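>>> make a model of this:
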Amino acid sequence: MVIKFEIDNLLEEQIKNGDSIDFIDFDIKRIMLPITKKYDHEYYFSLKEELYNYSDYIKSLGIFPSELQDIIRKNSELVIKSIEYYYNAQFEKARKCISVIINDYINNEFIVSNIYDSYIFHKCDFGKKSNETNAIRPVGLFRARDSVEQVSKQNMLHIPLSKREVVSMQRFGMSGVPCIYAATSTYCCWLELNMPAQDSFYASLIRFPENIKVFNLAISSKLMCSSNECINGKGLKLLESALSLWPLICATSYNILEKNRNFKSEYIISQLVMQCLQDLDIDAVAYCSKKIYDFRAYPYAINVAIPVKKDFEINNEYWLKANKVFLNNPVCYKEFVEKTKQFNLHEGARINLSFERDEELNNIEFMGKDMDFKALNFYNYDNYLFHMRYESFF
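Okay, the predicted model is just below:
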């Protein structure tokens, strides 16, 4: 599949110098994620090949400035070097490599922003966020649990810090460190819980305080290649940011099929990212679900992960900002279906309302097929939760 997009006016200088360039032919297959491999030992060699091929491909297009090409090559080399250091137990050096990458983006509004301003909640036109409904729709994400027993509101935030021994290693969650995982739809929650049965799937809509700072790795291949996004000078700058950050996104976007592993190589970079973000006072990371191809993940299959810190002065059991969290009582999906066979409200949940007018963005992968998100009952489930009463976590 090849998608073309018009050249931005930042490239006018090249045209003045004699180049006749109207479009870039961008092969989306070269950047579509996640990548799946059978064995853990394949990760390093596959990633190294992918990153260097990507760097060479961007260069071969002959349109992006040499400075961008150098940044892409540098970031690719830092990612590979970080894994090599980690394998050799040189953990601080591994972390330093990732820190060097992240530090280049801390003042980039496309990559780092407060949760209310994050591009995961706004239709992105690379330089323009849709103002439609922004002033009237509060930001909301979704939390879910897979449980055979009734779930209470108190069980919906995260595992208490006093029970950290049950916290296992996750892609962006470290063993023993509770983490709040939220998603932009209940459908995404369902995917992340490995598609539980209707009678054991419980979900709530959760509202975080507005000063949560998010690092944006939810940059999909579709977003980078869309034909209507590169429209002005600022737009190209943001596109270049996305292209240069892709090596880090790629490194955190592998699925390894091998079972019964005590260690997961594909989690090395994502966990180093989380450690570096804490040093920079960035609260969370946003990323595309790895359960489906990223081409269809944006905007309804985006995850946000927030590690929970311990304040040893006050000995907190829950996230330090939990008193500013609002959520509704969890609703079992089966009960929702039975009560609301034809449920339909004029106003949708914020994430739905912001994107539902864009027919292309509403396409999502469901059970291996492209579907209109509004045709899924998860769309109604989102809206149902959005219109329920919210209460403070405490």
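>>> for the helix ranked longest in the chain, what is the average pLDDT?
Taking DSSP state H as the criterion, the chain has its longest helix at helix 66-87. In this model, helix 66-87 has a mean pLDDT of 97.
>>> please name every helix or strand in contact with whichever helix or strand comes after it.
Later in the chain than helix 66-87, the nearest helix or strand by DSSP states H and E is helix 91-103. In terms of contacts (3 or more Cβ pairs under 8 Å, 6 or more residues apart in numbering; DSSP states H and E), helix 91-103 is packed against helix 66-87, helix 233-251, helix 268-279. To be clear about C-beta, it is placed using only N, CA and C from the backbone, and glycine gets the same treatment.
>>> relative to Arg164, which of these is closest?
Between Arg164 and the helices and strands packed on helix 91-103, the tightest spacing by Cβ to Cβ is seen for helix 268-279, at 15.4 Å.
>>> elements contacting the closest one?
By 3+ Cβ pairs under 8 Å, 6+ apart, helix 268-279 packs against helix 66-87, helix 91-103, strand 213-217, helix 233-251, strand 284-288, strand 302-307.
>>> tell me the helix or strand right after the third one.
Moving toward the C-terminus from strand 213-217, the first helix or strand encountered (DSSP H and E) is helix 221-225.
>>> return the set of buried residues in the longest helix of the chain.
The neighbour-count check on helix 66-87 (16 or more other Cβ atoms under 10 Å) flags 68-69, 71-83, 85-86 as buried.
>>> nearest to Asp27, of the helices and strands packed on helix 91-103?
helix 233-251 (13.5 Å).
>>> show the average pLDDT along the closest one.
On average, the pLDDT along helix 233-251 is 87.
>>> alpha carbons of that helix, in PDB - could you do that?
Only the C-alpha atoms of helix 233-251 are listed here, as PDB (Å, rounded to 0.1, in the frame of the first residue of the first chain):
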ATOM      1  CA  GLY A 233       5.200  24.700   8.200                       C
ATOM      2  CA  LYS A 234       4.400  23.600  11.700                       C
ATOM      3  CA  GLY A 235       2.800  20.400  10.300                       C
ATOM      4  CA  LEU A 236       6.000  19.300   8.600                       C
ATOM      5  CA  LYS A 237       8.000  19.900  11.800                       C
ATOM      6  CA  LEU A 238       5.600  17.600  13.700                       C
ATOM      7  CA  LEU A 239       5.800  15.000  10.900                       C
ATOM      8  CA  GLU A 240       9.600  15.100  11.200                       C
ATOM      9  CA  SER A 241       9.200  14.600  15.000                       C
ATOM     10  CA  ALA A 242       7.100  11.600  14.300                       C
ATOM     11  CA  LEU A 243       9.500  10.200  11.800                       C
ATOM     12  CA  SER A 244      12.500  10.700  14.000                       C
ATOM     13  CA  LEU A 245      10.800   9.100  17.000                       C
ATOM     14  CA  TRP A 246       9.800   6.000  15.100                       C
ATOM     15  CA  PRO A 247      12.900   4.000  16.100                       C
ATOM     16  CA  LEU A 248      11.800   4.200  19.700                       C
ATOM     17  CA  ILE A 249       8.200   3.400  18.800                       C
ATOM     18  CA  CYS A 250       9.300   0.400  16.800                       C
ATOM     19  CA  ALA A 251      11.500  -0.900  19.600                       C
END
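>>> from the chain's centroid, how far away is the helix or strand just after it?
Once helix 233-251 ends, the next helix or strand along the chain (criterion: DSSP H and E) is strand 254-256. Distance, stretch centre to chain centre, for strand 254-256: 16 Å (Cα atoms, centre = their mean, to the nearest Å).
>>> and strand 254-256, which strands flank it?
Its sheet considered, strand 254-256 pairs with strand 35-37 (parallel) by DSSP bridges.
>>> give the buried residues for the partner strand.
In terms of neighbour count (16+ other Cβ under 10 Å), strand 35-37 has its buried residues at Ile35, Lys37.
>>> doesn't Ile206 make contact with Arg143?
Yes - using Cβ atoms under 8 Å, Arg143 is in contact with Ile206, at 5.0 Å.
>>> what touches both of those two?
Contact with both Arg143 and Ile206 is made by residues Met156, Leu157, Ala182, Leu327, according to Cβ atoms under 8 Å, 6 or more residues apart in numbering.
>>> burial measure for Asp117, as a count.
With neighbours defined by other Cβ atoms under 10 Å, the count for Asp117 comes to 16.
>>> quick check: chain neighbours aside, which residue is closest to it?
Nearest residue to Asp117 in three dimensions, chain neighbours excluded: Glu109, at 7.4 Å (Cβ to Cβ, 6 or more residues apart in numbering).
>>> and that neighbour, its phi and psi?
When read as degrees, to the nearest 10, the backbone of Glu109 gives phi -70, psi -20.
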